[in-house]
Structures are given as structure tokens and as C-alpha cells.
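In: sequence and predicted model, in that order:
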Amino acid sequence: MATQDKRSDTSDFPEIVNTDNLQSNMKPIYYSRTFLSIIGGVIAGIWGFTGFTGFVFYFVVMLAASFGLAAKAKFSADSYFDSWNRVLLDGILGGLMSFVLFWTFAYDIVHIF
Amino acid sequence: MADDLVLDTAIRNWVLVPLSVVMVLIGVLRYFVSKLIRSSQNPDTKAIKEGQAVIRARNLRSAAHLIPSKSFRSRRIYFTNEENGLLYVPKEEAQKAQAQMFQDPNMAMDMMKKNLSMIIPQTLTFAWVNFFFSGFVAAKIPFPLTPRFRSMLQNGIDLSTVDVSYVSSRSWYFLNLFGLRGFFSLILGEENATDDAQRMMQMSGGGFGFDPSKSLGAEKDSLDIIQHEWALPKMEHRAQDVLKNLAKKL
């Protein structure tokens, strides 16, 4: 999905944000994080991570996702979003549940049964 | 004691996978059913007019810093004028409208239908899981939990020495319930009714029911409060700079 440029001003003006574009920019972030949580969950299950290691793996995957998203936004969050937090932190906790579900599923299928 | 139980493959085939598949299918079904039910609504003209007026006032509020102060003030007076402003609702009318909305059977039916379409599949599936899939270990969670969770997760299992990581199918149901939300958003697009929080927000933004009289008053008050601050006084200079840069490049 292509991200769209939104008008935002430089330092002495207040922020002018095109909310439609901002929202449509948030969607690829959300989708890619969800998708990566699911894939990461399956990978963690197949590899047999247990306990703490699995959660560490999840955060590593999320970091890689944040890095990729920042790179796609050309490392300047201001031209596509209204704050860095959205690029880096949004959606991490929401993906955690999906990660745990698919991690449990894959782990059980491969190791227990 | 139980370090690595090996569970029957039949459990995987006949419990885990069918439960997940059933939940995905029920979610998809609920999505389509809610779409079909929603399309047969007959909107009420007055409610829509008021809802639209509220939306206009909201737009004015959020974009107030983009227009010069005289135009902002004239727009504000149009909305909040005591005699014929759009947002002004005399007190008696407001109470009458509110009472009417409460007694209106259509409104109650609508809200009940929406709530039910959410609650009934969950209740039915939960009852089904409890009936068929109770009394045995269903899955192992890959991470350790404290013993306090034992009663919640191991509900049908009567052995107390089994590791807390081995859970019953009830907890598999709950795990699916929370974890499939992200999955649904991927396969169903943005508009899906599986998330409670989203649905609550959508309902309040619809502008139906007893929302109008309360929100009109609220909008009027917030419009009155706003101090106008024009954000674009330097726009001409900025436009000049931009054009100069452009001209240099050519």
C-alpha cells in the first residue's frame, strides 16, 4: 500500500494534518504488524521457543517491523505521520494476542502431538 | 512432575483445529449477517439532519485555525445563535425528544439486535465447547504461568499436579477469541463487527436515538468556548519561499 504525503508545516506553525491520509497511512502499519505477529507466532512455535524466549522473539520481530516501517517512511515521520510513536509503538500490544495464539497452536502441533 | 506429556493426535485433529475453524467461520458469518441486517434500516429525517448539523459544527471546530477570524465568527453565530441557530434546541423540546426516543420501540429493537448479534454466537460457542470438550487436557501453552491461573485455565481437569501450562479447551476458546481479532481484520477488511470497542465507537457516531438533543447542546457549548487563533498568517511568506525554491530549480 502506498503511503500518502500529508501537509505538515515546519516549526513555527501549528500542525496541519490531513486526517484522511493519516488514517490511511495507519492502515499498512496495522496490517503489517498483525501479519508479522501471526507469522512470527508460527515460527516461534515451530522452532520450539518456550517461555521468556518466545516473548523476546516477538519483540525482536516487532523491532524489525518498526525498522522496516521507518525505512519505508524515509526516516522522516513528520511527512507521513504526526508523531514517531505511531510508527514505532502502535499496534504492538494488539499483535501480542495473535502472536500467542499462533505460537501456542504451532508449538502444540509440532512438539506435543 | 509432568515434564513433557505427549498428547493424543486425535485431540489435535478433533479439538484444536475444529474449534479454531468454527470460530473463524462464525466470525465471517456474523460479519455478513450484520451487514445484511444493517442495510434494512429506515433512517429518520430529523435525526439525520441533526446529526449532520453536529458533524458540520465539529468540522468547524477542528478547522477553526485555518480560516480568518471574521469568517469563523460569522459561522459560529450561524450555529449558536439564540433564535434560529442550528444547534439551539429549546429546553422543553429537548426533554420531549429524549422521552420519545426512549419509548420508541424501533430504537430499542435496533440496539437489542446489535447487542444480540454479538453476544449470542459467543454464548452458544462457549456452551458448545463446555459440553463437548471438557474434562481433558487440550493444549500446552509455551510459557509458564503462576499457579494462581490454575483454576481459570484448567477448569475441567481434576488432577492438581499437572503443570499449569497444560490447559483445557475452555482456555483454548478464550485464546482464540482474543487472538483471532487481528486475523479477522486481515481477511475481512476494515469493516468488521468483531471488535467490541470499534462497534461502540461506530454506534455513537451514527447520530441516532437520544444522541441529538444531548450532543447539540454539547456542540453548542464547545463552539462557544473556542478562542480563535489563526494559524496561517504567515502563509503568504511561506508560499513565497516555496515558489522561490521552485523557480530556482527550474
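Out: Yes, it's here.

In: can you list the buried residues in stretch B:26-37?
Out: B:Ile26, B:Gly27, B:Arg30, B:Tyr31, B:Ser34 (16 or more other CB atoms under 10 Å in any protein chain shown). In short, each C-beta sits where N, CA and C put it, glycine included.

In: whichever strand or helix holds the second one packs against which elements?
Out: Following DSSP states H and E, one finds B:Gly27 within helix B:17-38. The helices and strands touching helix B:17-38, judged by 3 or more CB pairs under 8 Å, 6 or more residues apart in numbering or on different chains; DSSP states H and E, are helix B:105-132, helix B:169-187.

In: using TSV, lay out those helices together with mean pLDDT.
Out: Formatted as TSV, the helices and strands packed on helix B:17-38 follow (pLDDT from 0 to 100):
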stretch	mean pLDDT
helix B:105-132	76
helix B:169-187	83
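
In: and of those, who's closest to chain A?
Out: helix B:169-187 (2.8 Å; CB to the nearest CB).

In: report the angle between that closest one and helix B:17-38.
Out: Relative orientation of helix B:169-187 versus helix B:17-38 (axes from the mean of the first three to the mean of the last three CA atoms, to 10 degrees): 50 degrees.

In: ok, which stretches of chain A are helices?
Out: Assigned by DSSP state H, the helices in chain A fall at A:19-47, A:52-72, A:84-89, A:92-107.

In: how many neighbours does B:Lys220 have?
Out: 21 (other CB atoms under 10 Å in any protein chain shown).

In: returning to that earlier point: any chance of the buried residues of stretch B:26-37 in a markdown table, plus pLDDT and distance to A:Ile92?
Out: Shown next, in a markdown table, are these (pLDDT from 0 to 100; distance: CB to CB, whole Å):
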| residue | pLDDT | distance to A:Ile92 |
| --- | --- | --- |
| B:Ile26 | 87 | 28 |
| B:Gly27 | 85 | 23 |
| B:Arg30 | 82 | 27 |
| B:Tyr31 | 82 | 26 |
| B:Ser34 | 75 | 29 |
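
In: skip the chain neighbours and tell me the closest residue to B:Arg30.
Out: Of all residues not flanking B:Arg30 in the chain, B:Pro121 sits nearest, at 5.6 Å (CB to CB, 6 or more residues apart in numbering or on different chains).

In: isn't the one you found up against B:Leu25?
Out: No - at 10.3 Å, B:Pro121 does not count as touching B:Leu25 under the criterion of CB atoms under 8 Å.

In: quick one: which of the helices of chain A is nearest B:Pro144?
Out: Closest to B:Pro144 of the helices of chain A, according to CB to CB: helix A:52-72, at 8.9 Å.

In: which residues touch B:Ile37?
Out: For B:Ile37, the contacting residues are B:Lys113, B:Ser117, by CB atoms under 8 Å, 6 or more residues apart in numbering or on different chains.

In: what's the answer for A:Ala44, then?
Out: The neighbours of A:Ala44, taking CB under 8 Å, 6+ apart as the test, are A:Gly54, A:Phe57, A:Tyr58, A:Phe99, A:Trp103, A:Ala106, A:Tyr107, B:Pro142.

In: closest one of those residues to B:Asn245?
Out: Nearest member of the contacts of A:Ala44 to B:Asn245, counting by CB to CB, is A:Tyr58, at 45.0 Å.

In: hmm, A:Ser37 is touching A:Phe59, no?
Out: No - here A:Ser37 lies out of contact with A:Phe59, judged by CB under 8 Å, at a distance of 11.0 Å.

In: more neighbours: which of those two?
Out: Set A:Ser37 next to A:Phe59 and count neighbours by other CB under 10 Å: A:Ser37 wins out with 29 against 13.

In: could you list the low-pLDDT ranges of chain B?
Out: B:1-7, B:38-44, B:65, B:82-111, B:114, B:146-147, B:156-164, B:190-217, B:219, B:229-234 (pLDDT under 70).

In: strands along that one, start to end?
Out: Here chain B has its strands, by DSSP state E, at B:139-140, B:166-167.

In: for B:Asn13, give its distance to chain A.
Out: 9 Å (CB to the nearest CB, to the nearest Å).

In: next, count neighbours for that residue.
Out: Using other CB under 10 Å: B:Asn13 sits among 11 other residues.

In: find the residue at the geometric middle of chain A.
Out: By CA atoms, centre = their mean, chain A has its centre lying nearest to A:Arg33, at 3.3 Å.

In: contact partners for the closest residue to that one other than its chain neighbours?
Out: By the measure of CB to CB, 6+ apart, the closest residue to A:Arg33 outside its immediate chain neighbours is A:Gly91, 4.2 Å from it. Residues near A:Gly91 by CB under 8 Å, 6+ apart: A:Ile29, A:Tyr30, A:Arg33, A:Thr34.

In: pretty sure B:Met228 sits against B:Ser74.
Out: Actually, residue B:228 is His. It isn't Met. No - if you go by CB under 8 Å, B:His228 and B:Ser74 don't touch, sitting 11.5 Å apart.
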